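S.K.: how does the following fold in three dimensions:
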Amino acid sequence: MSKSIHGHEIMRMMVESDISWNKTTLKEAIEKKFGKGARFHTCSAENLNSEEIINFLERKGKFLEKEGKFKTDKSKICSH
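M.R.: Down below sits the predicted model:
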């Protein structure tokens, strides 16, 4: 089984890219960077696929939405 990637890595990718995303473009970018079969975890969830991690981060308020697209900010990445 491949190594699980922390959701913070997705958020860092988003911050570094400075792109506004929608769920489709973010999923494509995640799968390109980490692989289609990559699994993700957070401080409170594990074994998530790319779609599940996007939905999880959205539910946790990690995205800043504007006009149907979203970004994130360094301040949204927890440090524990």
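S.K.: pull the number of nearby residues for the closest residue to residue 31 other than its chain neighbours.
M.R.: In space, residue 31 comes closest to residue 50 once its chain neighbours are excluded; the distance is 5.6 Å by Cβ to Cβ, 6 or more residues apart in numbering. In this view, the C-beta of every residue, glycine as well, is placed from N, C-alpha and C. Taking other Cβ atoms under 10 Å as the criterion, the count of residues near residue 50 is 22.
S.K.: how near is residue 50 to residue 73?
M.R.: When Cβ to Cβ, to the nearest Å is applied, the distance between residue 50 and residue 73 equals 21 Å.
S.K.: parallel or antiparallel, which strands does the helix or strand bottoming out on mean pLDDT in the chain pair with?
M.R.: Averaged element by element with mean pLDDT, DSSP states H and E, the chain has its least confident helix or strand at strand 64-66 (a mean of 91). Strand 64-66 has the following sheet partners, assigned by DSSP bridges: strand 69-71 (antiparallel).
S.K.: give the rounded mean pLDDT of the partner strand.
M.R.: Strand 69-71 shows an average pLDDT of 94 in the prediction.
S.K.: which residues touch residue 52?
M.R.: Taking Cβ atoms under 8 Å, 6 or more residues apart in numbering, we find residue 52 in contact with residue 40.
S.K.: is it located within a strand, as I assumed?
M.R.: No. Counting by DSSP: H, G, I helix; E, B strand; the rest coil, residue 52 falls outside a strand, being helix.
S.K.: next one: it from residue 67, what distance?
M.R.: For residue 52, the distance to residue 67 - Cβ to Cβ - is 25 Å.
S.K.: just list the residues touching residue 33, thanks.
M.R.: The contact partners of residue 33, by Cβ under 8 Å, 6+ apart, come to residue 13.
S.K.: report whether the expected contact of residue 50 with residue 25 is present.
M.R.: No. In this structure, residue 50 sits apart from residue 25 without contact. The criterion is Cβ atoms under 8 Å, and the distance is 11.9 Å.
S.K.: what number of residues lie near residue 23?
M.R.: A total of 15 residues lie near residue 23 under the criterion other Cβ under 10 Å.
S.K.: should've said residue 17
M.R.: 13.
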